[in-house]
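*Asks:* Here is a sequence together with a model predicted from it:
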Number of protein chains: 2
Amino acid sequence: MNEEQKIILKYFSPVAKNEESLGLMNDAAIIYRKKLVVSTDMMVENQHFDKSYDPKCLAKKLLRVNLSDIAAMGAEPYGYTLNISLPKKNSIIWIKRFVSGLREDNKKFKIKLFGGDISCSSKIFLSATIFGITSKEVHKSSFAKKDSGIYVAGYLGDASLGLEIKKNKKIYNLFNTSINEYFLKKLYYPEPQIKLGISLLGLADFCTDISDGLEVELSKVCENSNLQANIFLSKIPVSNKAKVFFKTLNTRKKDIWNKLLCGGEDYKLLFSVSKDKEKLLTKKKIKGISKIGFFTKGSGVSFFDDKNKIVNLKNKGFSHF
Amino acid sequence: MNEEQKIILKYFSPVAKNEESLGLMNDAAIIYRKKLVVSTDMMVENQHFDKSYDPKCLAKKLLRVNLSDIAAMGAEPYGYTLNISLPKKNSIIWIKRFVSGLREDNKKFKIKLFGGDISCSSKIFLSATIFGITSKEVHKSSFAKKDSGIYVAGYLGDASLGLEIKKNKKIYNLFNTSINEYFLKKLYYPEPQIKLGISLLGLADFCTDISDGLEVELSKVCENSNLQANIFLSKIPVSNKAKVFFKTLNTRKKDIWNKLLCGGEDYKLLFSVSKDKEKLLTKKKIKGISKIGFFTKGSGVSFFDDKNKIVNLKNKGFSHF
């Protein structure tokens, strides 16, 4: 559990004892009489981004970070409210560019801006509260079952490599434009896995995004379920470009996994499917999902290398607090 | 129209063309299939408050500023999501104190915390998105009718005098504790007029809070309705303590109105009632409301003194942007 989760559990859960908040354990709250889900996320200058970011990109990222929580609930994106605080200087140019990003993603994700608030500040502060419409079900559980298979969707870690490239000019200069653009795109424009979230309704034990890191999210589920998560590193889906990245930098094997799994920024779904439902999952032929391990009796998350030896990851995850 | 409204109208309205946003003209959005209203407001360090503010007070003010928008829609408070970004140093002490404020106002207003997000930053940023449950109706119009009476509820300007006392030690030292505490309480703990908002359903043409100033809000309605608002300063409800304040400071008459009407921080409802409904309003015997003027043909807001001479106010209102 990272500092942020501890604070939430210790200080905010006691004042959020209501059916809707789901104990603050999920990516979104359910407003039960209305079949809406709602979630909120923020992005703060120097914490989530720096001055060099294009406001258009920030708008899209803000929405997508929030949409990823809607995806994790298995809901259809609906709309959002916005809070924006920014320096007065050049604010109009900034806002115009920001709005162009909103406009594009409003269309792409069929979402509506419901309202918001603007203010001035020395640093940029962005938050969105997003709403999703649910069918009968939602992914509201944060429990897994013994023997359930553990799955992720899409290549892990590409966005965190994008962050390395962005932060380190030397690394940037090692690669050609197409490789740099690939990773930066993954960093700037996460793709919320909305269809996947919906298609897993009734199948997954739990479903969450791993923006705080695979280990962090799995630990939570392990703790809730009194189970151990066994993850096989050789099963983790890694993009060819990430392989090129590590080969070029001559990265040590252990560091590779730290970078891929603990760098944050991965708006990918993590879920488990119980033994009796795995056949159904196979039948669905969902593209891009990978089984990376399974739950057993025990506790905590164990990572195994290709010789089934336990690997200790240095960083346990990513916290913005 | 202040800078904030211009920006909203020019840049955000075009991407918020949906039934729910009400064109971004109202205090809250209606999520129409669900009979919920939602609104969001933020508070930023050095813009809305400074380091000296008690976090408990900030929590209450954040909720009440948001609840005031729910009141303006004539909805019942339901719940909210939170975004908090703050410096790491002493953050736990800060959060504890903040949460104690949430807890008290959760109880007072029967609202539920649904979820949220925490991050680090050099300055404190707070935002809340609040939900209200509506009956059949809401105050969604921002139009008035010719000859409608213009009303406000409660004494105007006390909170802005609180701000003066807070900012100016010399002024603070002029008054005894009970007067200082009276004004500071008005500044720190606005009372959202929820019952009033609900009791005006079906009666008021429009209903809004005047946190950005009376003139700003009336101007919007005048523009929407192609009408002129005529406000009689002698009818503006002023507290006895405010009278003492101005007498002690020997404030010039014109400055009094600038301070009372344009200082911001007034989370009071402003509404109009059409001629044919004013009898119904009188029958309801609602305490604390004052008729301060009426709409006629024309445009803009005109203020009149007790000799029916036009008074020009220096400051037109308050904008956080």
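*Replies:* On my side now, so go ahead.
*Asks:* any chance you could map the helices in the stretch 1-150 of chain A?
*Replies:* Assigned by DSSP state H, counting those that start in this stretch, the helices in the stretch 1-150 of chain A fall at A:3-7, A:55-73, A:91-109.
*Asks:* Packed most tightly, which of those helices would that be?
*Replies:* Stretch with highest mean neighbour count among the helices of the stretch 1-150 of chain A: helix A:55-73 (a mean of 26; mean count of other Cβ atoms under 10 Å in any protein chain shown). For the C-beta atoms, the positions are set from N, CA and C on the backbone; glycine is no exception.
*Asks:* and it, what's its mean pLDDT?
*Replies:* On average, the pLDDT along helix A:55-73 is 94.
*Asks:* which secondary structure elements does it contact?
*Replies:* strand A:36-44, strand A:76-86, helix A:91-109, strand A:125-133, helix A:177-188, helix A:194-199, strand A:204-209 (3 or more Cβ pairs under 8 Å, 6 or more residues apart in numbering or on different chains; DSSP states H and E).
*Asks:* So which elements touch the first one?
*Replies:* Contact partners of strand A:36-44 among helices and strands, from 3+ Cβ pairs under 8 Å, 6+ apart: strand A:29-31, helix A:55-73, strand A:125-133, strand B:76-86, strand B:112-120, strand B:125-133.
*Asks:* looking at the ones you listed, which is closest to A:Thr296?
*Replies:* Checking these against A:Thr296 by Cβ to Cβ gives helix A:55-73 as the closest, at 24.2 Å.
*Asks:* Tell me where the model's unsure across the stretch 1-150 of chain A.
*Replies:* Applying pLDDT under 70 to the stretch 1-150 of chain A picks out residues A:1-13, A:15-34.
*Asks:* doesn't A:Leu156 make contact with A:Leu269?
*Replies:* No: with contact defined as Cβ atoms under 8 Å, A:Leu269 does not reach A:Leu156; the gap is 11.2 Å.
*Asks:* What residues does the stretch 51-200 of chain A have near chain B?
*Replies:* Counting by Cβ under 8 Å from any Cβ of the partner chain, the positions of the stretch 51-200 of chain A adjacent to chain B are A:78-79, A:81-83, A:85, A:88, A:91-92, A:95-96, A:99, A:102-103, A:106, A:112-123, A:125, A:127, A:129, A:131.
*Asks:* do that again at 7 Å, thanks
*Replies:* A:79, A:81, A:83, A:85, A:95-96, A:99, A:102-103, A:106, A:112-123, A:125, A:127, A:129, A:131 (Cβ under 7 Å from any Cβ of the partner chain).
*Asks:* residues near A:Ile198, how many?
*Replies:* Neighbourhood size, A:Ile198 [other Cβ atoms under 10 Å in any protein chain shown]: 19.
*Asks:* same deal with A:Thr177?
*Replies:* 7.
*Asks:* just A:Leu280 next, same as before
*Replies:* Neighbour count for A:Leu280, taken as other Cβ under 10 Å: 12.
*Asks:* so is A:Ala229 in a helix, a strand, or just coil?
*Replies:* Secondary structure for A:Ala229, judged by DSSP: H, G, I helix; E, B strand; the rest coil, is strand.
*Asks:* Quick check: it touching A:Cys222?
*Replies:* Yes: if you go by Cβ atoms under 7 Å, A:Ala229 and A:Cys222 touch, sitting 5.3 Å apart.
*Asks:* any shared contact partners between the two?
*Replies:* A:Val301 (Cβ atoms under 7 Å, 6 or more residues apart in numbering or on different chains).
*Asks:* So if I had to pick from these two, which one is more boxed in?
*Replies:* Applying other Cβ under 10 Å to A:Ala229 and A:Cys222 shows that A:Ala229 carries more neighbours, namely 28 against 20.
*Asks:* Show the contacting residues for that one.
*Replies:* A:Ala229 neighbours (Cβ under 7 Å, 6+ apart): A:Ile150, A:Leu218, A:Cys222, A:Gly293, A:Phe295, A:Val301.
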